[in-house]
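Q: coordinates only, sequence not included:
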């Protein structure tokens, strides 16, 4: 999933790995299965020492999660590590987001949006390398890509923004003019298959990990099946318009990227990058310390503290565009007290988010702060402005005053170990809390907040479930919880969070609905003036803060550790879904 699209984050801090469909194999028209060459063939030639890899201009990167397919536009193959390894360095898009969260033109030389159209011009020096054949990237590739996003038979991860486009006009071979829809068939807007007017987040269309697809190379292939085991054309040969080509891959082992001589940008400083699968954080750490790998991009864990001061290593930590939070089910089937704003306010005021962040990240990412804006203030450029949710910062005495006004039987002062629970209108202030099992951060979070809320007479009953299929696959979609902790991941543009808050939005598990918020979000989505658009979203953020259906916690840090001898990687720690390989062409020993 890309920046326009919400992204649930499971046990790992960066992204939820989505299970691939059992039938997701790439086949040609003749039925032959397409796959990259085995990883073992490339791995056998990789030097086992850093000195040997330096001499051969090869780099080994510890790969924390396996890949379940490389078509990140397919909902079943949409995962961060697929983007990091096989898409971002291989398939390019109109824009790329740099390590500071700024949009920069990439495959496109010009993008112009008006109230009636979106005009994209592909740079003249952009070529596909398809098995050694050099083929121009053209406007037909953009047309083909759009058709894939809006085809109802395709299992797309998101078609937001693409459904605003109704037609296109080709101009020469490099320019395409997409025309925004002015009307939609009855009922189509409600089911998300059509939208009218301009899409203000146009910079995220055909951009980043979504990219532009090679129409000639993919001719005859099924969108729901291609790129399951390779990034290749219909003849099985690698295809790329980026700095590297994916030449080798074996599920459960790793993959190999080799420099693309037809890349339009800076010549890659490495001939080869090998991603070796190491799924355990402690094993990653030991591999890094022992020189088995040259870089890792691990989930935030306290054990990483031992790498911060190790000689010869560079340790980078920055805030990303991920929002760890609580969803409060305002229509909770188990306890109607959550429908009352005063109860939600009391819960928020009883939570010390600062102490939680210190406990989780004090050793590995000092300086982390609570999130206080539900639309903005994520990423490295966060200024802390418009911190609307700061109104609900830790204030247990205020929480007790609210509870005393509506309930009986609770404590008179905040008391550690308190067992007196409030009763409000005959209902106990006791709530079922759910989160993912096997995640130490969330176990710590549950324990800390259970103690803090218990001190003011609110009982929290923690429940831990496997991320899939239980928590994300069943619990959240069924709205079967009182309170749930998980994360959304997006990007610099706030529109990726729209459906999380919209009335009836598919990922609006909390069942929150405020028509004014919907109106402001919809206005922002179609507003091309950046100042007016920001104002719309900030107004929405203020209402969301006041309503407290969501309690923002923190943005998990993006951590990148690499050998200090490697240059160019100092700018690789990217807070967005581009991941650290956004500038892999700049890496060199």
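A: Received, thanks. What you see is a predicted model; the values in this text were computed from it and never measured.
Q: all helices in the stretch 201-350 of the chain, in order from the N-terminus.
A: With DSSP state H, counting those that start in this stretch as the criterion, the stretch 201-350 of the chain has helices at 281-289, 341-349.
Q: So which of the ones you listed is the most surrounded?
A: Compared across the helices of the stretch 201-350 of the chain, helix 341-349 shows the largest average neighbour count, a mean of 23 (mean count of other CB atoms under 10 Å). C-beta here means a position set from N, CA and C on the backbone, and glycine is covered the same way.
Q: Please produce TSV containing the helices of the stretch 201-350 of the chain, extended by mean pLDDT and distance to residue 148.
A: Converted to TSV, these look like this (pLDDT from 0 to 100; distance: least, CB to CB, whole Å):
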stretch	mean pLDDT	distance to residue 148
helix 281-289	92	35
helix 341-349	98	42
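Q: Mind putting these into a markdown table with distance to residue 529?
A: Output for those, formatted as a markdown table (distance: least, CB to CB, whole Å):
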| stretch | distance to residue 529 |
| --- | --- |
| helix 281-289 | 45 |
| helix 341-349 | 33 |
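Q: Of all those, which one is nearest residue 188?
A: Among these, the nearest to residue 188 by CB to CB is helix 341-349 (35.2 Å).
Q: what's that closest one packed up against?
A: When contacts are defined as 3 or more CB pairs under 8 Å, 6 or more residues apart in numbering; DSSP states H and E, helix 341-349 packs onto helix 396-406.
Q: distance between the helix it packs on and the chain's centre?
A: Distance of helix 396-406 from its chain centroid, counting by CA atoms, centre = their mean, to the nearest Å, is 37 Å.
Q: tell me how far the ends of stretch 295-307 are from each other?
A: One end of stretch 295-307 to the other measures 12 Å (CA to CA, to the nearest Å).
Q: closest to residue 421 out of the helices of the stretch 201-350 of the chain?
A: helix 341-349 (12.7 Å).
Q: Tell me the gap between that closest one and the middle of its chain.
A: Relative to its chain's centre, helix 341-349 lies at 29 Å (CA atoms, centre = their mean).
Q: any idea which helix or strand comes after that helix?
A: Next helix or strand after helix 341-349 toward the C-terminus (DSSP states H and E): helix 353-361.
Q: Report the mean confidence score over that following helix.
A: Helix 353-361 carries an average pLDDT of 95.
Q: how about it: buried residues?
A: Within helix 353-361, the residues that count as buried by 16 or more other CB atoms under 10 Å are 353, 356-357, 359-361.
Q: which one is residue 177 nearest to, not counting chain neighbours?
A: Excluding the flanking residues, the one nearest residue 177 by CB to CB, 6 or more residues apart in numbering is residue 169, at 4.5 Å.
Q: do the same with residue 575
A: residue 320 (4.1 Å).
Q: Count the neighbours of that neighbour for me.
A: Residue 320 has 25 neighbours, counted by other CB atoms under 10 Å.
Q: gap between the residue nearest to residue 314 when sequence neighbours are not counted and residue 392?
A: What sits nearest to residue 314 in space, not counting adjacent residues and going by CB to CB, 6+ apart, is residue 564, at 4.9 Å. Distance of residue 564 to residue 392, computed by CB to CB, to the nearest Å: 42 Å.
Q: ditto for residue 109
A: As for residue 109, its distance to residue 392 is 46 Å (criterion: CB to CB).
Q: now the longest helix belonging to the chain: how far from the chain's centre is it?
A: Longest helix in the chain, counting residues (DSSP state H): helix 530-547. Distance of helix 530-547 from its chain centroid, counting by CA atoms, centre = their mean, is 22 Å.
Q: can you give me the angle that helix makes with helix 341-349?
A: Computed with axes from the mean of the first three to the mean of the last three CA atoms, to 10 degrees, the direction of helix 530-547 lies at 100 degrees from that of helix 341-349.
Q: just checking, what packs against helix 530-547?
A: Helices and strands touching helix 530-547, by 3+ CB pairs under 8 Å, 6+ apart, are helix 515-526.
Q: okay, and for this protein, where does confidence drop off?
A: Counting by pLDDT under 70, the chain contains low-confidence ranges at 1-32, 377-385.
Q: Nearest residue to the middle of the protein?
A: The centroid of the chain falls nearest to residue 489 when counting by CA atoms, centre = their mean (3.7 Å).
Q: could you measure residue 549 against residue 499, distance?
A: Distance of residue 549 to residue 499, computed by CB to CB: 14 Å.
Q: Which of these two has more residues huddled nearby?
A: residue 549 (23 against 18).
Q: so who does that one touch?
A: 327-328, 330, 344, 510, 512 (CB atoms under 8 Å, 6 or more residues apart in numbering).
Q: could those residues go into CSV alongside distance to residue 118?
A: Formatted as CSV, these follow (distance: CB to CB, whole Å):
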residue, distance to residue 118
327, 34
328, 38
330, 37
344, 40
510, 33
512, 32
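Q: out of these, what pair is the most spread apart?
A: Spatially, the most separated pair among the contacts of residue 549 is 327 and 344, at 11.5 Å (CB to CB).
Q: in the sheet, who's paired with the nearest residue to residue 116 once chain neighbours are set aside?
A: Leaving aside its sequence neighbours, residue 116 sits nearest to residue 180 (CB to CB, 6+ apart; 6.0 Å). Beta-bridge partners recorded for residue 180 (DSSP bridges): residue 165.
Q: Is it correct that residue 180 is in contact with residue 198?
A: Yes: assessed by CB atoms under 8 Å, residue 180 is found in contact with residue 198 at 5.1 Å.
Q: Need the overlap of contacts for these two.
A: Residues touching both residue 180 and residue 198 by CB under 8 Å, 6+ apart: 115-116, 118, 164.
Q: and which of those is nearest residue 241?
A: Proximity of those to residue 241, judged by CB to CB, is greatest for residue 118, which lies at 20.5 Å.
Q: and residue 495, what does it touch?
A: Taking CB under 8 Å, 6+ apart, we find residue 495 in contact with 4, 160, 200-201, 204, 521, 524-525.
Q: pretty sure it is in a strand, no?
A: No: assessed with DSSP: H, G, I helix; E, B strand; the rest coil, residue 495 is helix; it does not lie in a strand.
Q: Out of the contacts of residue 495, give me the two with the largest separation.
A: Largest separation among the contacts of residue 495 by CB to CB: 204 and 521, giving 15.8 Å.
Q: These two: who's more crowded?
A: Counted by other CB under 10 Å, residue 204 and residue 521 do not tie: residue 204 has more neighbours, with 27 against 22.
Q: ok so, going back, was I right to think the residue nearest to residue 314 contacts residue 313?
A: Yes: Residue 564 lies in contact with residue 313 (CB under 8 Å); the separation is 6.3 Å.
Q: Distance check, residue 503 against residue 331.
A: Taking CB to CB as the measure, residue 503 falls 12 Å from residue 331.
Q: Let me fix that, I meant to ask about residue 94.
A: Per CB to CB, residue 94 is found 40 Å from residue 331.
Q: Looking at those two, which one has more neighbours?
A: Neighbours were counted for residue 94 and for residue 331 using other CB under 10 Å; residue 94 has more, 27 against 12.
Q: Quickly note the distance from the more buried one to residue 578.
A: From residue 94 across to residue 578, the span is 13 Å (CB to CB).
Q: what sits opposite residue 314 in the beta ladder?
A: residue 562.
Q: Can you name the element that comes right after the longest helix of the chain?
A: Next along from helix 530-547, by DSSP H and E: strand 550-554.
Q: If you count contacts, what does that following strand end up packed against?
A: The contact analysis (3+ CB pairs under 8 Å, 6+ apart) places strand 550-554 against strand 322-328, helix 353-361.
Q: need the ones you listed in a markdown table with distance to residue 98, can you?
A: Output for the helices and strands packed on strand 550-554, formatted as a markdown table (distance: least, CB to CB, whole Å):
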| stretch | distance to residue 98 |
| --- | --- |
| strand 322-328 | 18 |
| helix 353-361 | 24 |
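Q: Out of the ones you listed, which gets nearest to residue 471?
A: strand 322-328 (11.6 Å).
Q: Find out how far the closest one is from the centre of the chain, if you would.
A: Put simply, strand 322-328 sits 14 Å off its chain's centre (CA atoms, centre = their mean).
Q: And for stretch 89-107?
A: Here stretch 89-107 is found 15 Å from its chain centre; the criterion is CA atoms, centre = their mean.
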